[in-house]
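Colleague: Sequence and predicted structure below; questions after.
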Amino acid sequence: MNWDDIRHDFSILSEITYINAASIGLIPDSAIKEAKRGLEERRYGNIYWLNWYREYEKALRLFAKLINASENEVTGIYNTSEGLNLIANSINWVKGGNIITNDLEFPTNMFIWQIIAKKYDLELKVIKNRNGYIDLRDYEEAINDKTIAIAVSWVEFSNGYVHDLEKLAKLAHEHEAYIIVDGIQGVGSLPLDVRKTDIDFLSCGGQKWLMGLTGTGFLYVKKEILEEINPPFAGWLGDAEPFRFDYREYKPHPSARRFDLGTQNFVGYIVLKKTLQMINEVGIKNIYKRNINLARMLVESIDGLAEVASPMPNGEIMSPIISIRVNDAEKFYQKLRENKIYIALRAGNLRISPHLYNNEEDINRFIDGLRKAIGK
């Protein structure tokens with residue numbers, strides 16, 4: 001794999017050092033060119049509408065291919081939060097049941113279940129992390145036959161911890177519960193096979209590891225459970241015959257497209273079509289290997305400068321999201337930015353997240369910047 005050729009498509013890296021895909025991913029120049037073409041077409045009103053819709057459908061197919069889903073199991077959403085809210089308000093909750101989540105979740109994936117628990121008189125069970133780990137045994141102790149759903153992030157945003165979705169799904173299904181996955185910090189960086197893991201739902205925005213625009217994303221709903229749930233909202237594109245405009249009774253689309261409420265951010269999906277083509281052509285396993293190697297280089301280079309706060313079972317790196325602990329992280333974060341080195345500040349730690357466009361030089365620049373900031 002010629003990573004230099006890929007990097008060349010991200011010309012902004014000649015100006016800045018950007019290792020922050022877990023916040024917002026960079027967009028390749030080739031996708032920006034496509035977006036400009038879409039905007040030029042937009043000047044003509046609705047003349048190109050059907051072309052944009054077909055490109056949106058191509059993006060759905062490319063996403064389905066990436067996670068090994070069928071095209072009928074995915075639809076477009078505006079962001080991860082929208083997808084999770086659609087799922088949460090589609091499930092037939094039973095008073096007295098319970099939902100299981102954990103205390104490492106991104107705020108959205110805590111707030112939603114707090115609201116749902118209050119609304120339907122459910123118990124919300126929150127698994128406590130152990131030094132950044134979430135032990136499967138704690139889920140096993142918490143779950144029972146009243147559990148309706150387990151809600152987790154595939155990859156935790158703050159420290160890169162990766163849940164074993166296959167084991168969690170098996171545990172959930174043994175108790176006839178759903179598993180609901182926030183996938184935004186993993187999809188596009190780590191391999192995912194929804195058939196193998198057997199998850200029920202996945203919501204994923206397009207602006208991080210998929211390198212797309214904000215206001216775009218994907219919702220996956222396993223086909224076997226589509227008729228068990230009741231979408232809380234209706235829109236014309238979610239109808240079984242969306243291009244009929246006469247007065248009639250609403251009939252949900254027979255696929256996950258029933259969650260598609262209305263006209264999408266077509267320019268955003270034109271971008272995602274291009275970036276998903278790149279991801280599928282490069283190969284998600286190759287991307288994962290590249291990202292983990294860069295993360296490993298980072299961890300090895302940090303030795304003596306700072307403490308790695310990300311979980312590393314048996315010394316193995318779980319994901320390319322690496323959290324490091326330094327005194328007065330805010331000060332070092334600002335100093336790095338002054339030198340055009342861009343990472344994130346999360347939970348009082350520095351968070352670094354390399355993606356396929358990064359290289360060893362980016363890691364070295366970060367280490368040098370950190371060393372200077374620390375004074376070593």
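Modeller: Happy to help now that I have it.
Colleague: Show me what residue 101 is bridged to.
Modeller: Going by DSSP bridges, residue 101 is paired in beta bridges with residue 126.
Colleague: Please enumerate the helices of this protein.
Modeller: 3-8, 29-42, 49-67, 80-88, 108-120, 136-142, 165-174, 194-197, 266-282, 284-302, 329-338, 360-374 (DSSP state H).
Colleague: other SSEs contacting the second one?
Modeller: Going back to what we said before, that points to helix 29-42. Contact here means 3 or more C-beta pairs under 8 Å, 6 or more residues apart in numbering; DSSP states H and E; on that basis helix 29-42 packs against helix 49-67, helix 266-282. Bear in mind the C-beta positions are built from the backbone N, C-alpha and C, glycine included.
Colleague: could the ones you listed go into TSV alongside mean pLDDT?
Modeller: Listed next are the helices and strands packed on helix 29-42 as TSV, based on pLDDT from 0 to 100:
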stretch	mean pLDDT
helix 49-67	97
helix 266-282	98
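Colleague: most packed of those helices?
Modeller: helix 266-282 (a mean of 22; mean count of other C-beta atoms under 10 Å).
Colleague: Are there helices or strands packed against that one, and which ones?
Modeller: Applying 3+ C-beta pairs under 8 Å, 6+ apart, one finds that helix 266-282 contacts helix 29-42, helix 49-67.
Colleague: What lies in contact with it?
Modeller: Contacting residues not belonging to helix 266-282 are listed as 1, 6, 9, 27-28, 30-32, 34-35, 37-39, 42, 52-53, 55-56, 58-59, 62-63, 65-66, 76, 188, 206, 210-216, 287, 356 [C-beta atoms under 8 Å, 6 or more residues apart in numbering].
Colleague: 6 Å - rerun?
Modeller: 31, 34-35, 38, 52, 55-56, 58-59, 62, 188, 206, 210-213, 215-216 (C-beta atoms under 6 Å, 6 or more residues apart in numbering).
Colleague: re earlier: redo the helices and strands packed on helix 29-42 as a markdown table? Include distance to residue 248.
Modeller: Output for the helices and strands packed on helix 29-42, formatted as a markdown table (distance: least, C-beta to C-beta, whole Å):
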| stretch | distance to residue 248 |
| --- | --- |
| helix 49-67 | 21 |
| helix 266-282 | 26 |
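Colleague: burial measure for residue 118, as a count.
Modeller: Residue 118: 10 surrounding residues under other C-beta atoms under 10 Å.
Colleague: mind checking how far it is from residue 111?
Modeller: For residue 118, the distance to residue 111 equals 11 Å [C-beta to C-beta, to the nearest Å].
Colleague: do residue 35 as well
Modeller: Between residue 35 and residue 111 the computed distance is 32 Å (C-beta to C-beta).
Colleague: Could you check which of those two has the larger neighbour count?
Modeller: It is residue 35, of residue 35 and residue 111, that has more neighbours when counted by other C-beta under 10 Å, with 17 against 14.
Colleague: Now do the contacts for that one.
Modeller: Going by C-beta under 6 Å, 6+ apart, residue 35 touches 267, 271.
Colleague: Same question for residue 180.
Modeller: By C-beta under 6 Å, 6+ apart, residue 180 lies in contact with 87, 149, 151, 201.
Colleague: Point out the ones among the residues you listed that are inside strands.
Modeller: Within these, residues falling in strands by DSSP state E are 149, 151, 201.
Colleague: Specify which member of those is nearest to residue 264.
Modeller: The nearest member of those to residue 264, counting by C-beta to C-beta, is residue 201 at 19.6 Å.
Colleague: What is the neighbour count of that closest one?
Modeller: Neighbour tally, residue 201, other C-beta under 10 Å: 27.
Colleague: what's the answer for residue 249, then?
Modeller: Neighbourhood size, residue 249 [other C-beta under 10 Å]: 5.
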